[in-house]
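Student: Structure for the following, please:
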Amino acid sequence: MRGSVIIDCFPDSAQRYRDKYAIVVIDVIRATTTAATAVSLGMRVFPVRTTDEALVLASTLENPLLVGELGGNMPYGFDMTNSPAQIAMLSDTHRPIILLSSSGTQLLLNSTGSNPVYIACFRNISAMARHLAGRCDKVAILGAGTRGQFRREDQMGCAWVAEKLVESGYHAGNIQTEDHISRWHMVSPEEVRYGRSAEYLRKTGQDHDLEYILQHIDDLKTVPSLVKSELVELQKTP
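Tutor: Numbers count the residues shown, from 1 in each chain. So this is what the prediction gives:
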């Protein structure tokens with residue numbers, strides 16, 4: 001199969017691809033890293049758009065964890081912020097997670113209607129590309145964006161998945177996709193440290209999440225997909 005891959009950004013971009021593309025959502029700092037980490041631990045993960053939606057859903061689940069942020073702040077009544085490092089340390093992995101974020105879960109839920117919808121982060125770049133290759137002929141890899149900016153960590157994640165697909169025989173769907181692949185080819189993940197998202201984590205005392213993300217590169221074989229409002233692990237790739 002010679003398919004095509006395209007890179008785009010922001011929650012509103014999903015409407016351009018829902019009908020004809022498989023969609024991969026990337027929000028490295030921090031929603032998709034948090035979600036992929038939780039799914040890899042066997043936890044149930046339910047993304048939501050609003051705090052009201054989160055509270056309604058919580059009433060239907062047994063002892064859920066409310067996890068997330070809006071505008072960088074943990075909403076009132078939530079158990080923890082959108083922290084992959086904290087999720088990785090949980091012992092009560094039987095508790096379902098309700099996940100809310102400013103951009104990542106918005107993009108993910110805006111992608112509903114595409115078949116399929118996946119999430120990726122630095123932890124499952126290769127696993128995602130292997131799963132997509134030969135299975136989906138048109139792939140849209142979408143960065144969540146933060147405060148109207150296509151942040152470098154999301155550009156990197158999108159570019160690395162796209163590059164692996166191109167290496168397997170896909171072609172870049174437009175010049176912008178080619179540019180992203182070229183820009184981030186062979187660039188170290190450490191470049192994330194110089195971006196605005198990393199600066200925010202440092203300023204707010206959340207360096208542990210930055211370090212967690214940079215210490216867990218391509219270490220998961222997990223391929224999470226949005227199925228009936230829940231992120232589930234479709235398979236662990238070889």
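Student: So which residue is smack in the middle of this protein?
Tutor: By Cα atoms, centre = their mean, the mean C-alpha position of the chain lies nearest to Thr32, the distance being 2.8 Å.
Student: I'd say it and Val25 touch.
Tutor: Yes. With contact defined as Cβ atoms under 8 Å, Thr32 reaches Val25; the gap is 6.2 Å. C-betas here are computed from N, CA, C, even on glycine.
Student: any idea which helix is longest in this structure?
Tutor: If you go by DSSP state H, the chain has its longest helix at helix 152-167.
Student: Pull that one out as CSV, backbone CA atoms only.
Tutor: Extracted C-alpha coordinates of helix 152-167, given in CSV (Å, rounded to 0.1, in the frame of the first residue of the first chain):
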residue,chain,number,x,y,z
ARG,A,152,7.7,22.1,19.2
GLU,A,153,7.1,18.9,21.2
ASP,A,154,3.9,18.3,19.2
GLN,A,155,5.6,19.1,15.9
MET,A,156,8.4,16.6,16.8
GLY,A,157,5.9,13.9,17.7
CYS,A,158,3.9,14.4,14.6
ALA,A,159,7.0,14.5,12.4
TRP,A,160,8.5,11.4,13.8
VAL,A,161,5.4,9.3,13.3
ALA,A,162,5.0,10.7,9.8
GLU,A,163,8.7,10.1,8.9
LYS,A,164,8.4,6.4,9.9
LEU,A,165,5.3,6.1,7.6
VAL,A,166,7.2,7.8,4.8
GLU,A,167,10.0,5.3,5.3
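Student: Many thanks, I have nothing further to ask.
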